[in-house]
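# Below: sequence and its predicted model.
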Amino acid sequence: MTARDFRELYERLRRRTAPPAVDGRCGALRHLTPERVAAAAGEVRSGQTVSLAAPIDTVRGPDDPEPAVHRMTGPRPSDIGSDALHFATDRFAMNVHGDADSHLDALCHVVFDDELYGGVPASTVTAEGARRLSVDLLADGIVGRGVLLDVPGLRGVPWLEPGDQVTPDDLAAAEAAQGVRVGAGDLLFVRVGHRLRRTVLGPWDTAAARVGLHPRAVEFLAEREVAALGGDGNNDTAPSAVRDVAFPVHVLAIHALGIHLMDYLRFEDLVPACARAGRWSFLCVVAPLRLTGGTGSPVNPIAVL
């Protein structure tokens, strides 16, 4: 896609869907009405719960130069073997927007044309945190109908290779093959097989090569009025499909449409669960941390079938 084509797509999406930015359940979450949340509860049949998050990685690797840090702070060696009461305690730190761990991007995460989503000035994000559009807007979580589209399954391969792109036609074909249709207010999850490839072949430099959505696939999200998007990769390809725009899907989804993104999820437990159930939709509960001023959060979405 040329830079001009990208700009035209960006402006078209922004004019079509983005309301003036206000704090609260703004952006694409406006599609997730209380009525649609209540209807999503009807997706529960067996009561089986499935995590859509990957285990947090604490080992340095080519895609994770700053891994999460987990340190035990207690009990002390002198506590072991004593009869007194003690507690096991620990501390945890994470680079939220890394390329290995499952996380959610807040609407303040993407700065483009010196603005955030909805024309909010970029200056509202400072060293003290984000004063607007931060992840604490999701304090009550995101609960709705989740839909998983398995693109490698559609193509008959275990995973897509880095550099490949998921097109709008791929999404529509996956719907048809799986007998499901993405609708207004849905939480859409697109599997590209990144996590399985990493497990089987080992980690690699995903900043240089990864699979994701083609920018025009974001038009599919707008047309269907998707409330949130999650992928088992970064959702953006590398190298980028657009010259001089490294993360076009992030720009289009977060900045133009106000869609919260979830990156580096894991669907290897969900795929067989959906296949056994014979359906690819489910109740989904997303509960990020209540982090005032945060640009994102570790996340563990839960599918309830």
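Sure, I can see it.
# Strands of the stretch 201-305 of the chain, residue ranges please.
Taking DSSP state E, counting those that start in this stretch as the test, the strands found in the stretch 201-305 of the chain are 212-213, 228-231, 260-263, 281-286, 296-298, 302-304.
# Convert the C-alpha atoms of the third one to PDB, please.
Okay, so that is strand 260-263. Output in PDB follows, covering the C-alpha atoms of strand 260-263 (Å, rounded to 0.1, in the frame of the first residue of the first chain):
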ATOM      1  CA  HIS A 260      -8.700  -1.400  21.800                       C
ATOM      2  CA  LEU A 261      -6.100  -3.900  20.600                       C
ATOM      3  CA  MET A 262      -4.800  -7.100  22.300                       C
ATOM      4  CA  ASP A 263      -1.500  -8.300  21.100                       C
END
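# So which residue is dead centre in the chain?
residue 262 (0.9 Å; Cα atoms, centre = their mean).
# can you pull the contacts of the closest residue to that one other than its chain neighbours?
Once flanking residues are discounted, residue 262 sits nearest to residue 230: 3.5 Å by Cβ to Cβ, 6 or more residues apart in numbering. C-beta: built from backbone N, CA, C; applies to glycine. Residue 230 is in contact with 52, 187-190, 261-263, 265, 301, counting by Cβ atoms under 8 Å, 6 or more residues apart in numbering.
# From residue 43, how far off is residue 230?
Distance of residue 230 to residue 43, computed by Cβ to Cβ, to the nearest Å: 16 Å.
# now do residue 174
When residue 174 is compared with residue 43 (using Cβ to Cβ), they lie 18 Å apart.
# Have a look at these two and say which one is more surrounded.
residue 174 (24 against 18; other Cβ atoms under 10 Å).
# which parts of the biggest helix by length in the chain are buried?
For the chain, the helix reaching the highest residue count under DSSP state H is reported as helix 3-17. Going by neighbour count (16 or more other Cβ atoms under 10 Å), the buried part of helix 3-17 is 6, 9-10, 13-14, 17.
# Save these as a markdown table, and put in distance to residue 209 and pLDDT too.
Formatted as a markdown table, those follow (distance: Cβ to Cβ, whole Å; pLDDT from 0 to 100):
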| residue | distance to residue 209 | pLDDT |
| --- | --- | --- |
| 6 | 21 | 96 |
| 9 | 24 | 96 |
| 10 | 25 | 96 |
| 13 | 27 | 94 |
| 14 | 29 | 91 |
| 17 | 31 | 66 |
